[in-house]
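1. my questions concern the predicted model and sequence given below.
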Amino acid sequence: MAEDLEVWKQVFQELIQEVKPWHRWTLTLDRGLLPNTLQPGWSQYQQWAFARFQCSLCSRSWASSQVQVLFHMHKSKEEPRGKVKMRVFAQRCRKCYQSPFEVPKFTKENISRILNNLVFRILKKCYREGFKSMEEIPTIKEISLEGPHDSNNCEACLQGFCAGSTQASSLPTHWSPRTNTYHHVERQVQVTPWNERLYSHIAPNPRHRYWNVCCCCIILVIVVVIIVEIIQWIST
Ligand SMILES: [Zn+2]
Ligand SMILES: [Zn+2]
């Protein structure tokens, strides 16, 4: 993380300098940062992002799109300066016994995307600037992920801070609508039900067809009766 942290700091400086050139902001790592536990005057921003991991015991690598990146930010009221504390939640190898928690590796593109979102939040929460609806830029998933999120080896899950830990535990995976995670879940959610719904529209219920025919007949009879009545009235 040490060399990575330099990239995070550098990209953050570039982005914040663009919008607040006269203000001094710092970004530091804080391994003890906890979601929703804020000091007075601080704001929070969380994003679930894509990153890769590598086991330091067996060298196996894996990817996850549910890597939690947590920021707490604070702007000084008196001076043009602010602070950002960051924590990235780790994951551990599921093949190794007593594997250590590994720090994720993000691409520079994804670091930029996450920090872009952060800078927008700083503008909104610390400067009361910005836009009403702020779309979060999602991180790029370099590969499509199969299988559920490995909650047993996710630091955020084990501490109760992961995106899905508030959802029903009976769900096969915990899928975050914010990060639009797992491929097989997307397939499950979108393809099967949509096919069923589509089919029910194409082939209507035969009972509905019967009632439609009946209604048409009744209207036809009424129209014929009215025409006959008009013809009789004219001829008299
Ligand atoms: Zn391993
Ligand atoms: Zn998790």
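-> Noted; the coordinates are in hand. Ligands and ions are numbered 1, 2, ... in the order given.
2. figure out how far the longest helix seen in the chain is from the centre of its chain.
-> Secondary structure assigned by DSSP state H gives helix 206-235 as the longest helix of the chain. Computed by CA atoms, centre = their mean, to the nearest Å, the chain-centroid distance of helix 206-235 equals 56 Å.
3. same check, this time on stretch 28-45
-> On CA atoms, centre = their mean, the centre of stretch 28-45 falls 20 Å from the chain's centre.
4. average pLDDT for that stretch?
-> Average pLDDT, stretch 28-45: 95.
5. ok, which residues in the chain are in contact with ligand 2?
-> Contact residues, the chain versus ligand 2 (CB under 5 Å from the ion): 154, 156-157, 162. For glycine as for every other residue, the C-beta is placed from the backbone atoms N, C-alpha and C.
6. looking at the residues you listed, which is nearest S76?
-> Nearest to S76 among the residues of the chain next to ligand 2, counting by CB to CB, is A156 at 29.8 Å.
7. name the SS class of K83, please.
-> Classification of K83 by DSSP: H, G, I helix; E, B strand; the rest coil places it in strand.
8. what sits against it?
-> The contact partners of K83, taken as CB atoms under 8 Å, 6 or more residues apart in numbering, are 25-26, 28, 73-74.
9. run the last query once more with 6 Å
-> Neighbouring residues of K83 by CB atoms under 6 Å, 6 or more residues apart in numbering: 26, 74.
10. picking that back up, of the residues of the chain next to ligand 2, which belong to helices?
-> Among the residues of the chain next to ligand 2, the residues falling in helices (DSSP H) are 156-157.
11. can you show me the helices along the protein?
-> For the chain, helices defined by DSSP H occupy the ranges 2-19, 108-127, 155-158, 183-186, 192-202, 206-235.
12. now render these as TSV, adding mean pLDDT.
-> TSV is the format used below for these (pLDDT from 0 to 100):
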stretch	mean pLDDT
helix 2-19	93
helix 108-127	95
helix 155-158	94
helix 183-186	30
helix 192-202	34
helix 206-235	79
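13. wait, which of the ones you listed is closest to P100?
-> Closest among the helices of the chain, once you apply CB to CB, is helix 155-158, at 10.8 Å.
14. go ahead and name everything in contact with that closest one.
-> Residues outside helix 155-158 that contact it (CB under 6 Å, 6+ apart): 68, 89-90, 101, 151, 162.
15. which of those has the largest number of neighbours?
-> With neighbours taken as other CB atoms under 10 Å, the top of the contacts of helix 155-158 is Q68, carrying 25 neighbours.
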